[in-house]
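In: here is the input, now give the coordinates:
(2 chains)
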Amino acid sequence: MSAPQDTIATQADSSGSNPPISGPSWTALVEKIIVDDQSGMEELYRVFSKGVRFYLCRQLGPQDLEDKVHDTFLIVVQAVRRGELREPERLMGFVRTVVRRQVAAHIDQAVHNRRQQVGLDSGIRVVDLNRDPEETAIHRQYAQIAKRVLNSISKRDREILTRFYLLEQSQEQICDQMHLTETQFRLLKSRAKSRFGELGKRRLTRRGILRFV
Amino acid sequence: MQLDQNTHAIDEVLESYAMGTLAEPSLADLEEHLLICDHCRERLADTYAYVAAMRSAAGGLDQRDESRKVLWGRASGWLSFRRLGWAMAIVSLVLAGAALRLVFSPLQFQQPVAILLETSRGSELQRVPAGRPLDVSLDMRGLPVFPKYEMEMVDAGGRVLDTSAVGIEGKVTTRISKRLRPGAYFIRLYSTSRELLREYGLQVE
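Out: Residues are numbered from 1 along each chain as shown, chains lettered A, B, ... in the order given. Below is the predicted model:
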């Protein structure tokens, strides 16, 4: 793991590129949940459901996703009602912890089930993380675009990007070994990404499957 | 700077997260923010796609480079310094041999030697160098005139080496291209009715 980022945030604005988030007061929301106010439950679900679904889907795949989201909310609500959330303003962190535990528990369960099924059933059931055909096509398109980007740059620049994305070398290591400044490194990455965006926009718009811009 | 409702994650943080290299406490900040921020989740989804595409493409190119390296490695292994040295030495020898051949085989050795063969009394046996073509002229004095003659060349053992029809308007010349080894040879001249008219001697040295 790399060192924590010094600057991780950029200010939200109303221009549309960085829209502000309309979030509730966590303390008020927690109070509503504690007193079993239905609007509090709805608000909790409205605010967190997409984020929780996104995280769970990334980690565990789309199988039984709605059930997992529902389970997570039940755990959060019950824990809040039991008074386990001592600092209401830390509700986001609390939800995150619950979601991560859920993921860990599902993985543990999957590993356990797999062990139990070995010997009884040769066809072990695993979570299907495969993309659907449309996603597969888009992924292939992206890979082709990335290949074009990599082919259009110098060998040295390609090596830098390969080291970073494929070999997962750190920025410091790459800059040190390839005699680059941090700015040069960032600029190269930024240009490659920008080129990827341009090519992707052009190609995928033409094919009507634009998502990455 | 922490992420809250008024801020969004910068691209590098999202990329680091997508690559699984973001460390705490930035990791916690981002994940909490992602729970409530549609905008950053969309950007993260794009970043996942971008990172996956770059990995896939870089992996493909890397494999291509690897296979090139393997191919070059094999080629360079085969063309090792020692082998290359031997090959150079052989080529040098061949070139040197060709050069020597040119130096020691001047054009004069390839040019025919012109000789006049006579049979008059007291005339000596003609001597010519070995390995050269011969332009032979025959002394026809005293012979009946025919429009054509037949010529036969034999070695000392009487083995026929060459035959040809010669003679135009009383002049008998012929080119013997065969490179003769040292020894005695005889050229016999016949009429068209195979009557032996004369025999000439030739000493190849």
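In: what is the burial count for residue 114?
Out: Just so you know, I chose chain A. Counted by other Cβ atoms under 10 Å in any protein chain shown, the residues lying close to residue A:114 total 12. For glycine as for every other residue, the C-beta is placed from the backbone atoms N, C-alpha and C.
In: think we crossed wires, I meant chain B
Out: The local packing of residue B:114 (other Cβ under 10 Å) involves 12 other residues.
In: and residue B:204, backbone torsions?
Out: Main-chain torsions, residue B:204, degrees, to the nearest 10: phi -100, psi 130.
In: quick one: it from residue B:162, how far?
Out: Distance, residue B:204 to residue B:162, using Cβ to Cβ, to the nearest Å: 13 Å.
In: more neighbours: which of those two?
Out: residue B:204 (19 against 15).
In: is that one in a bridge, and if so with what?
Out: Per DSSP bridges, the residues bridged to residue B:204 are residue B:128, residue B:183.
In: hmm, residue B:185 and it touching each other?
Out: Yes. Counting by Cβ atoms under 8 Å, residue B:185 is a contact partner of residue B:204 at 6.2 Å.
In: name the next helix or strand downstream of the helix-or-strand element of chain B with minimal mean pLDDT, please.
Out: Ranking every helix and strand in chain B by mean pLDDT, DSSP states H and E puts helix B:107-110 at the bottom, with a mean of 57. Counting by DSSP states H and E, the next helix or strand C-terminal to helix B:107-110 is strand B:113-117.
In: and residue B:92, what pLDDT?
Out: Residue B:92 carries a pLDDT value of 92.
In: just residue A:190 next, same as before
Out: 84.
In: quickly find the element holding it.
Out: Using DSSP H and E, residue A:190 falls in helix A:182-207.
In: buried sites along that helix?
Out: Judged by neighbour count using 16 or more other Cβ atoms under 10 Å in any protein chain shown, the buried positions of helix A:182-207 are A:185, A:188-189, A:192-193, A:195-197, A:199-200, A:203-204.
In: check these against chain B, which are close?
Out: Filtering those for proximity to chain B by Cβ under 8 Å from any Cβ of the partner chain leaves A:189, A:192-193, A:196.
In: ranges for the helices of chain A?
Out: For chain A, the helices defined by DSSP state H occupy A:26-34, A:38-60, A:65-81, A:91-117, A:133-152, A:155-161, A:171-177, A:182-207.
In: the third one - contacts with which helices or strands?
Out: Using 3 or more Cβ pairs under 8 Å, 6 or more residues apart in numbering or on different chains; DSSP states H and E, the elements in contact with helix A:65-81 are helix A:26-34, helix A:38-60, helix A:91-117.
In: now the fourth one
Out: Secondary-structure packing of helix A:91-117 (3+ Cβ pairs under 8 Å, 6+ apart): helix A:26-34, helix A:38-60, helix A:65-81, helix B:26-36.
In: tell me what angle the third one forms with helix A:91-117.
Out: In terms of direction (axes from the mean of the first three to the mean of the last three Cα atoms, to 10 degrees), helix A:65-81 departs from helix A:91-117 by 130 degrees.
In: repeat that for the last one.
Out: With the same axes, to 10 degrees defining the directions, helix B:26-36 sits at 100 degrees from helix A:91-117.
In: ok, the second one next?
Out: Compare the direction of helix A:38-60 with that of helix A:91-117 by the same axes, to 10 degrees and you get 50 degrees.
In: let's see helix A:38-60 as PDB, backbone CA atoms only.
Out: What follows is helix A:38-60, C-alpha atoms only, in PDB (Å, rounded to 0.1, in the frame of the first residue of the first chain):
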ATOM      1  CA  GLN A  38     -40.100   6.000   9.300                       C
ATOM      2  CA  SER A  39     -38.700   9.100   7.500                       C
ATOM      3  CA  GLY A  40     -35.400   8.500   9.100                       C
ATOM      4  CA  MET A  41     -35.300   5.000   7.700                       C
ATOM      5  CA  GLU A  42     -36.300   6.200   4.300                       C
ATOM      6  CA  GLU A  43     -33.600   8.900   4.400                       C
ATOM      7  CA  LEU A  44     -30.900   6.500   5.500                       C
ATOM      8  CA  TYR A  45     -31.800   4.200   2.600                       C
ATOM      9  CA  ARG A  46     -32.000   7.000   0.100                       C
ATOM     10  CA  VAL A  47     -28.600   8.400   1.100                       C
ATOM     11  CA  PHE A  48     -26.700   5.200   1.500                       C
ATOM     12  CA  SER A  49     -28.300   2.500  -0.700                       C
ATOM     13  CA  LYS A  50     -26.500   3.400  -3.900                       C
ATOM     14  CA  GLY A  51     -23.100   3.600  -2.200                       C
ATOM     15  CA  VAL A  52     -23.600   0.400  -0.300                       C
ATOM     16  CA  ARG A  53     -24.900  -1.400  -3.400                       C
ATOM     17  CA  PHE A  54     -21.900  -0.100  -5.400                       C
ATOM     18  CA  TYR A  55     -19.400  -1.300  -2.800                       C
ATOM     19  CA  LEU A  56     -21.000  -4.700  -2.300                       C
ATOM     20  CA  CYS A  57     -21.300  -5.200  -6.000                       C
ATOM     21  CA  ARG A  58     -17.700  -4.400  -6.600                       C
ATOM     22  CA  GLN A  59     -16.600  -6.700  -3.800                       C
ATOM     23  CA  LEU A  60     -19.000  -9.600  -4.000                       C
END
